[in-house]
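In: Show me the folded form of this:
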Amino acid sequence: PELFDSIRAHQEQGYRAIRVQTGVPTLKAIYGIAAQGADVGDATVRYDHEPARRGAKPVEEDWDTRAYLNHLPGVFEAVRNEFGPDLPLLHDGHHRMTPIQAARLGKDLEPYDLFWLEDCTPAENQEALRLVRQHTTTPLAIGEIFNTVWDFKDIIRDQLIDYVRGAVTHMGGISPLKKTLDYAAMYQIKSGMHGPTDISPVGMAAAMHLGLSIHNFGIQEYMKHGARTDQVFEQSFTWTDGYLHPGDKPGLGVELNVDEAGKYPYEQAYLPYNRLLDGTVHDW
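Out: Predicted structure coming up:
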């Protein structure tokens, strides 16, 4: 019921495609599930809706791949039964699975028609995607951790992905990522640029302008920034009824308010780390 409520709340805000992440029974805190481990006044509170948390050291979270693989298909079955076949649903695996586990998940999720399965296995092992591809028709999205066109070259050429998840801020700017997306267009692979709130409004605006300039635009990840971020980064772009518009200011349309930024001194924050049930450190 809580998951259904969250989906409805995002639909009411205007979102037309929704990435569904879920808690897993027996696991107390999972990266990507913002409602867990975020008590007000506690050092574990997430910063601006992102997984980085203030504090002197990283927060420990936990993981059990078997429990996750057993739980998740039922979640998507329930979501599809509740919201019907037309709502585009996405899911992020956060690099946690081995190739054969990712292949199993992609196959298990096929009846629920995902828009994409993101980062199903560590992306630097690009041969792994070949195994996943052999076993499932669930579309695959990869690349938010990549930095150059060379990271994408082989998996685009071999058509091992369906969406390029590169970020303008990680790839060296608009021009390098545009070249990557132009290359991807040759193989009917679309854009799905990285856009969480740890990408500033400058990076968000750059992604938006790039998306408007290419033929193979797919979808744009978008999370609303917090009020303080919006005051520091004055934006002309708007988000209404599920659509972004760049506004009419010159350039990217974002101005840094230096005086406002000066009100917020640096605070130390860390991404979490994961342990399996036996204590082994695992991909978070």
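In: and the next element down the chain from the host helix or strand of Ile156?
Out: Assigned by DSSP states H and E, Ile156 falls within helix 149-157. With elements assigned by DSSP H and E, the helix or strand that comes after helix 149-157 is strand 163-164.
In: Does anything pack onto that following strand? Which helices or strands?
Out: Contact analysis of strand 163-164 by 3 or more CB pairs under 8 Å, 6 or more residues apart in numbering; DSSP states H and E lists strand 140-142, helix 174-185, strand 190-191 as its packing neighbours. All C-beta spots, glycine's among them, are computed from the backbone N, C-alpha and C.
In: Just send these back as TSV, with distance to Thr26, mean neighbour count and mean pLDDT too.
Out: Formatted as TSV, the helices and strands packed on strand 163-164 follow (distance: least, CB to CB, whole Å; neighbours: other CB atoms under 10 Å; pLDDT from 0 to 100):
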stretch	distance to Thr26	mean neighbour count	mean pLDDT
strand 140-142	28	27	98
helix 174-185	39	19	98
strand 190-191	37	22	98
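In: Quick one: the strands in the stretch 151-284 of the chain, in order.
Out: Along the stretch 151-284 of the chain, counting by DSSP state E, counting those that start in this stretch, strands occupy 163-164, 190-191, 233-235, 238-240, 243-245, 254-256, 269-270, 273-276, 281-282.
In: now for the helices and strands packed on strand 163-164, which one comes closest to Lys153?
Out: For Lys153, the closest of the helices and strands packed on strand 163-164 is helix 174-185, at 7.7 Å, according to CB to CB.
In: CA atoms only: put the closest one into PDB for me.
Out: What follows is helix 174-185, C-alpha atoms only, in PDB (Å, rounded to 0.1, in the frame of the first residue of the first chain):
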ATOM      1  CA  ILE A 174      27.600  18.500 -23.800                       C
ATOM      2  CA  SER A 175      29.800  17.900 -26.900                       C
ATOM      3  CA  PRO A 176      31.300  14.500 -25.800                       C
ATOM      4  CA  LEU A 177      27.900  13.100 -24.700                       C
ATOM      5  CA  LYS A 178      26.300  14.400 -27.900                       C
ATOM      6  CA  LYS A 179      28.900  12.500 -29.900                       C
ATOM      7  CA  THR A 180      28.200   9.400 -27.900                       C
ATOM      8  CA  LEU A 181      24.400   9.700 -28.500                       C
ATOM      9  CA  ASP A 182      24.900  10.400 -32.200                       C
ATOM     10  CA  TYR A 183      26.900   7.200 -32.400                       C
ATOM     11  CA  ALA A 184      24.200   5.300 -30.400                       C
ATOM     12  CA  ALA A 185      21.600   6.600 -32.900                       C
END
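In: Quick one: distance of that helix to the chain centre.
Out: 19 Å (CA atoms, centre = their mean, to the nearest Å).
In: quick check: angle from that helix to helix 149-157?
Out: Relative orientation of helix 174-185 versus helix 149-157 (axes from the mean of the first three to the mean of the last three CA atoms, to 10 degrees): 20 degrees.
In: which residues sit against helix 174-185?
Out: Outside helix 174-185, the residues within contact range by CB atoms under 8 Å, 6 or more residues apart in numbering are 148-149, 152-153, 156, 164, 166-168, 171, 190-191, 193, 206, 209-210, 213-216.
In: how about Ala78, what does it touch?
Out: Leu3.
In: The stretch 51-200 of the chain: helices as residue ranges?
Out: 65-83, 99-108, 127-135, 149-157, 174-185 (DSSP state H, counting those that start in this stretch).
In: want to try a markdown table for those helices, with distance to Leu117 as columns?
Out: Output for the helices of the stretch 51-200 of the chain, formatted as a markdown table (distance: least, CB to CB, whole Å):
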| stretch | distance to Leu117 |
| --- | --- |
| helix 65-83 | 10 |
| helix 99-108 | 6 |
| helix 127-135 | 9 |
| helix 149-157 | 14 |
| helix 174-185 | 18 |
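In: Tell me which of the ones you listed sits nearest to Val281.
Out: Closest to Val281 of the helices of the stretch 51-200 of the chain, according to CB to CB: helix 65-83, at 13.9 Å.
In: Now stretch 158-173: buried residues?
Out: Buried residues in stretch 158-173, counted by 16 or more other CB atoms under 10 Å: 160-171.
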